[in-house]
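1. following is a predicted model, sequence given first.
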Amino acid sequence: MPGVALNETTLQASQARSRAAVLQRLRSTDATFRLLTRTAVLAVLALLSGVILSLVIGSVPAFRAFGLGFVGSEVWNPVTEQFGALAPIYGTLLTSFIALLIAVPVGIMIAFFLTELCPLWLRRPIAIAIELLAGIPSIIYGIWGLFVFAPFVQKYIQPALIDTFDGWPVLGTLFEGPPYGIGMLTAGFILAIMVLPFITAISRDVFEAVPAVLKEATYGLGCTTWEVFKHVVLPYARVGVIGGVMLGLGRALGETMAVTFVIGNAHTVSASILQPGTTISASIANEFTEAVGDLYTSSLIALGLILFVITFIVLAIARYMLLRLQQKAR
Amino acid sequence: MAGLRNNALYVRRRTRNTVARGLALAATGFGLGWLVVILGVLIYQGIGGLSLSVFVENTPPPGSAGGLLNAIVGSIIMTILAVFIGTPIGILAGTYLAEYGRHDKLSSIVRFINDVLLSAPSIVIGLFVYEILVAPMGHFSGYAGAVALAVIVIPVVVRTTEDMLRLVPDTLREAAASIGLPRAHMIVRVAYRAARAGIVTGVLLAIARISGETAPLLFTALNNQFFSANLNAPMPSLPVVIFQFALSPYEEWQKLAWTGALLITVTVLGLSILARSLTARRS
């Protein structure tokens, strides 16, 4: 019988040992996994710091050569190596402004249609179709804009605008010059189509979040659908809509390919929106690989830094607006 | 009733309502109209050039016929590499945000930073990769292109992974913990499994997004007129070839650009519909 006892103790001992080993292994894989996820988070952090740092370092030569006057100068001459960012900044802001001018009312009206008017069975298909617009790659908008839309604008829309507003005080200057087809207006319009789905999607979400009792109470007072929308839904959802518009603006500001095809790449600040111009992203896309010399390259990187700062500010505002909405909902 | 019908205020309100409803309908038609017009033109222009030679021949010199083989292969190679780099980092970071550091300070900072990356202009990403890879290496390369695309993949995957993991009910986590599973095993065997469809959707959406990206490839992978599987050399890609060919004066090139555009759109829209159906089936 002692043999059996001996067996039992060794068995127990080995069991305890393997138990400890298994626990140890579990503990170490646990710790390793946690460490891995933490490293990945820090990598995301490092990525953004890297982007900012590389842009700042890359743009140092340009800012050293031109100072802050870089932002306010319209000159862009690769031969004499004089560079200024005014024309691209102007073009970026102007095209985005045109885009919002068209896309905001249209987007809000589509969201109004989807939430208040559309029969239930049609809502999902229409919403998906509008979101498909967001999924089309920007280069497709570009090639379509260049071959189809710009010639159409040149042939029909621009001559009509020029004739109609000829001699008017402000609008006359706005719509002045020969119809090129490409230019600020065309680029802004294509951007409008691109940001439309963003504004529609977010507006729809916030309109749907409006409590039904509020709407029902207003209907009970005898208001029409439009009055309910205008006086109850829209004010209630205002902050969220602005957040959505800001997100759309962020996209319009940074959009590259769609604009590059139809903007004309002219470094001029022109009062007429029918004239060719350039945007920050289009300048970089068109010129970066051909840029000879450190100062030229650096000026383009400085443009990229300015674009990044602008979109960052817009995004921060959008986030703040949507955050306020969340707090209100709570 | 007759008095009401003639009441000027009532009539005005009714008219205004009708006009607004009409405008809403028109706006929806306007939005849907562009989708139809763009897709219609794309199919009309692209389908004529669609033939076997597009898939078996390389991009031609100006003035002769050819295909898009090298561009398609280049795009596929860089996309796969970008997904291989970006997905693990994205999923792990999303896991930390949803599982370990749901409420800590680091997470809220990283969430904001991830949003900044998500909406950063893609051309700026191209500049960044040019600075850190192309300039030091001294030449454009497929690696640089893949890294640029990976930088775009990461924030998309981080965001969807976190969102999807947060949808997993805590009772599942508690049940796993109560039978003694360590946290890492709980995440891998329970949480990941429950959120699998959503995470795959995120990856698919990221692939859809990068397959049409042009701007970050312009000065990282550049372009290559010939077939090249060498990641250390300039590599052609479908979007960059479209960009170059569409802006060229040669008719054959423009035709190929349209065909390439059709291919990209079909791929991207197919991927996003697939991604949507994955999550739709679950809910």
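-> Perfect, thanks for sending it. Numbers count the residues shown, from 1 in each chain, chains lettered A, B, ... in the order given.

2. switch to C-alpha atoms for all contacts and neighbour counts from now on
-> OK.

3. check the stretch 151-300 of chain A for the residue nearest chain B and tell me.
-> When C-alpha to the nearest C-alpha is the measure, the stretch 151-300 of chain A has its nearest residue to chain B at A:Gly254, with 4.5 Å between them.

4. how about that residue, what does it touch?
-> A:Gly254 makes contacts with A:Ser281, A:Leu307, A:Thr311, B:Ala120, B:Pro121, B:Ser122, B:Ile123, as judged by C-alpha atoms under 8 Å, 6 or more residues apart in numbering or on different chains.

5. neighbour-wise, give me the winner out of these.
-> Each of those was scored for neighbours by other C-alpha atoms under 10 Å in any protein chain shown, and B:Ile123 scores highest at 29 neighbours.

6. quick one: is the helix or strand harbouring that residue near chain A?
-> Of the helices and strands defined by DSSP states H and E, B:Ile123 is found in helix B:122-129. Yes - contact between helix B:122-129 and chain A, assessed by C-alpha under 8 Å from any C-alpha of the partner chain, occurs at B:Ser122, B:Ile123, B:Val124, B:Ile125, B:Leu127, B:Phe128.

7. let me have the residues you listed in CSV, adding pLDDT as columns.
-> Putting the residues of helix B:122-129 next to chain A into CSV (pLDDT from 0 to 100) gives the following:
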residue, pLDDT
B:Ser122, 92
B:Ile123, 93
B:Val124, 94
B:Ile125, 94
B:Leu127, 94
B:Phe128, 95
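
8. state the mean pLDDT of stretch B:152-162.
-> Rounded to a whole number, the mean pLDDT of stretch B:152-162 is 95.

9. likewise stretch B:216-235?
-> Stretch B:216-235 shows a mean pLDDT of 88 in the predicted model.

10. next: stretch A:87-98.
-> Mean predicted confidence for stretch A:87-98 is 94.

11. export that stretch as PDB, just CAs?
-> The C-alpha atoms that make up stretch A:87-98 are tabulated as PDB, following Å, rounded to 0.1, in the frame of the first residue of the first chain:
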ATOM      1  CA  ALA A  87      -4.900  81.900 -54.200                       C
ATOM      2  CA  PRO A  88      -5.100  78.200 -53.100                       C
ATOM      3  CA  ILE A  89      -6.600  79.200 -49.700                       C
ATOM      4  CA  TYR A  90      -9.100  81.500 -51.400                       C
ATOM      5  CA  GLY A  91     -10.000  78.700 -53.900                       C
ATOM      6  CA  THR A  92     -10.400  76.100 -51.200                       C
ATOM      7  CA  LEU A  93     -12.700  78.300 -49.100                       C
ATOM      8  CA  LEU A  94     -14.700  79.600 -52.100                       C
ATOM      9  CA  THR A  95     -15.400  76.200 -53.600                       C
ATOM     10  CA  SER A  96     -16.400  74.800 -50.200                       C
ATOM     11  CA  PHE A  97     -18.700  77.800 -49.600                       C
ATOM     12  CA  ILE A  98     -20.400  77.200 -53.000                       C
END
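
12. tell me the contacts of B:Gly212?
-> Applying C-alpha under 8 Å, 6+ apart to B:Gly212 gives the contacts A:Pro137, A:Ser138, A:Ile139, B:Pro239, B:Ile264, B:Thr265, B:Val268.

13. if you could redo that for A:Val233, that was the one I meant.
-> A:Phe207, A:Val210, A:Lys215.

14. out of the residues you listed, who's the most crowded?
-> Counting neighbours by other C-alpha under 10 Å, A:Phe207 comes out on top of the contacts of A:Val233 with 23 neighbours.

15. and that one, what element?
-> helix A:184-208.

16. and after that helix, which helix or strand comes next?
-> The helix or strand immediately downstream of helix A:184-208 is helix A:212-220, counting by DSSP H and E.

17. what packs against that following helix?
-> helix A:225-228 (3 or more C-alpha pairs under 8 Å, 6 or more residues apart in numbering or on different chains; DSSP states H and E).

18. hmm, who's touching the helix it packs on?
-> A:Glu116, A:Lys215, A:Thr218, A:Tyr219, B:Arg16, B:Asn17, B:Ala20, B:Arg21.

19. where are the low-confidence patches of chain A?
-> Within chain A, the stretches with pLDDT under 70 are A:1-8, A:328-330.

20. excluding its backbone neighbours, what's nearest A:Leu196?
-> Using C-alpha to C-alpha, 6 or more residues apart in numbering or on different chains and skipping residues adjacent in sequence, the residue nearest A:Leu196 is A:Ala103, 5.2 Å away.

21. what's the helix or strand for the one you found?
-> A:Ala103 belongs to helix A:86-112 when elements are defined using DSSP H and E.

22. check which helices and strands that helix sits against.
-> Packed next to helix A:86-112, using 3+ C-alpha pairs under 8 Å, 6+ apart, are helix A:69-72, helix A:184-208, helix A:234-254, helix A:280-287, helix B:8-47.

23. what residues of it count as buried?
-> A:86-100, A:102-112 (16 or more other C-alpha atoms under 10 Å in any protein chain shown).

24. and it, how far from the chain's centre?
-> Between the mean C-alpha location of helix A:86-112 and the chain-wide mean there is a distance of 12 Å, by C-alpha atoms, centre = their mean, to the nearest Å.

25. what sits up against the following helix or strand past that helix?
-> Toward the C-terminal end, the helix or strand that comes next after helix A:86-112 (DSSP H and E) is helix A:120-135. The contact list for helix A:120-135, computed with C-alpha under 8 Å, 6+ apart, reads A:114, A:193-195, A:197-198, A:201, B:31-32, B:35, B:209, B:268-269, B:272.

26. from those, which is closest to A:Pro61?
-> B:Arg209 (33.8 Å; C-alpha to C-alpha).

27. my guess is the closest one meets B:Thr267, correct?
-> No - B:Arg209 is not in contact with B:Thr267 according to C-alpha atoms under 8 Å; the separation is 10.4 Å.

28. the nearest residue to A:Leu93 once chain neighbours are set aside: neighbour count?
-> Closest residue to A:Leu93 apart from its sequence neighbours, by C-alpha to C-alpha, 6+ apart: A:Leu253 at 7.1 Å. A:Leu253 is flanked by 28 other residues according to other C-alpha under 10 Å.

29. so A:Leu253 sits right up against A:Thr311, yeah?
-> Yes - checked against C-alpha under 8 Å, the pair A:Leu253 and A:Thr311 is within contact range at 6.8 Å.

30. overlap in contacts of those two?
-> Residues touching both A:Leu253 and A:Thr311 (C-alpha under 8 Å, 6+ apart) are B:Pro121.
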